[in-house]
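>>> What would the 3D arrangement of this be:
(chains A and B)
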Amino acid sequence: MGQWSRQDHPEPFIELVSPEHATGARRALYDELEQVRGKGKVSNLFRAYAAFPELGRANFHRLMALLTQGSLSVKFKEAVMTALAEINRCDYCVSFHATAMKNAGASDAEVAAALRFDPQGIGLNTKETALFEFALKANGDPHGITPEDFLPLRSSGATDGEIVEALETVNTGNAFNLINGALNVGADDFLGGYLAERGKAWAAER
Amino acid sequence: MHPPRPAALISSEALNTLRASQRMLLITFTGPQCAICKRLAPMLSTVLNEYADQLDAVKIDVEVFESLALEFAVRSLPTTLLLRGDVELGRIAGFATAGQLRNWISAQIDA
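Numbers count the residues shown, from 1 in each chain, chains lettered A, B, ... in the order given. Now for the predicted structure:
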């Protein structure tokens, strides 16, 4: 299935091989992914990446490092990636990361706050609220960042490592949004169509 | 769903009509090659929908309305102004987050 916002193109632009048909290096990648999400559960994003299995593995390891290492909360990171998905108009990515936000304890209202880029409504601590705002500003104009932008981060206790962690969250979100957008990769069935209305609204604006 | 805001200006006369209304007016100057303008767009659209009852908004392409860019002393893109009539209440040059835009607009509405 393609993205909900691309009703003119109902299918992805490359083949997304299902787990039951995967062989060789693709199968090896799927085996690694299934250890995290469960047998037979390989996201459409990584089915797309599996066209180049070595890059799929590298990006999976990158994602695991981001989500399981560092000190910032998964809720914060998924909130940033939900906001980026909205900015980049990747409806699959909105559904995926908003679902992950809720799995990390966010309410529907907090998901809505991430979708309107409002860190005050996401229920983050002071440091992560400042980092969320910084992440959006860096995403908007990275070369416009000045030392003054670091003042609220430092006053809230953010370390260099946490700042890099926040920026890499931006990188990761944007990278996956690009893959899914350019290849018209649609939402996984296990997301249950959460926030499909975002994509359908974007389709209406085309 | 709200239509995307701000809408593109179609004539100088339309801008004059908006300014004559004395409602608070947000103008953002953009250009087709302006990458930062594209990054600003979702921030503006989201925030403007929240203030739909309190201010008008328009987007001006400087390549189409070069004289307006000169009139408003626009030196870089994007440049976003808040006006009431002929009075400029403030301007932001460059990118702004939704939070920065909310604080900026609220400060003027509450003033």
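>>> How many neighbouring residues does A:Ala79 have?
Per other CB atoms under 10 Å in any protein chain shown, the neighbour tally for A:Ala79 reads 30. Yep, even glycine has a C-beta here, placed from its N, CA and C like the rest.
>>> where does chain A come near chain B, residue by residue?
A:86-87, A:116-120, A:133, A:136-137, A:139-141, A:144, A:201, A:204-205 (CB under 8 Å from any CB of the partner chain).
>>> Tell me which entries of the residues you listed lie within helices.
Judged by DSSP state H, the subset of the residues of chain A next to chain B located in helices is A:Glu86, A:Ile87, A:Glu133, A:Leu136, A:Lys137, A:Asn139, A:Gly140, A:Ala201, A:Ala204, A:Glu205.
>>> Please check those residues and keep the buried ones.
Buried by 16 or more other CB atoms under 10 Å in any protein chain shown: A:Glu86, A:Ile87, A:Glu133, A:Leu136, A:Lys137, A:Asn139, A:Gly140, out of these.
>>> Leaving out chain neighbours, which residue sits closest to the second one?
Leaving aside its sequence neighbours, A:Ile87 sits nearest to B:Pro42 (CB to CB, 6 or more residues apart in numbering or on different chains; 4.9 Å).
>>> which ones are touching the residue nearest to A:Ala106 when sequence neighbours are not counted?
Excluding the flanking residues, the one nearest A:Ala106 by CB to CB, 6+ apart is A:Lys75, at 5.7 Å. Counting by CB atoms under 8 Å, 6 or more residues apart in numbering or on different chains, A:Lys75 touches A:Met101, A:Ala104, A:Gly105, A:Ala106, A:Ile122, A:Gly123, A:Leu124.
>>> which SS state does the third one fall under?
When classified by DSSP: H, G, I helix; E, B strand; the rest coil, A:Gly105 comes out as coil.
>>> quick one: it from chain B, how far?
22 Å (CB to the nearest CB, to the nearest Å).
>>> buried stuff in the lowest-mean-pLDDT helix or strand in chain A?
Among the helices and strands of chain A, helix A:196-205 carries the lowest confidence by mean pLDDT, DSSP states H and E, at a mean of 84. Neighbour counts over helix A:196-205 (16+ other CB under 10 Å) mark A:Ala196, A:Arg198, A:Gly199, A:Trp202 as buried.
>>> which other residues reach that helix?
Counting by CB under 8 Å, 6+ apart, A:3-7, A:86, A:89, A:91-92, A:94-95, A:115, A:187, B:1, B:4 sit against helix A:196-205.
>>> With stretch B:84-92 instead?
Here stretch B:84-92 has contacts from B:19-20, B:22-25, B:72, B:79-83, B:100-101, B:104, B:108, B:111, using CB under 8 Å, 6+ apart.
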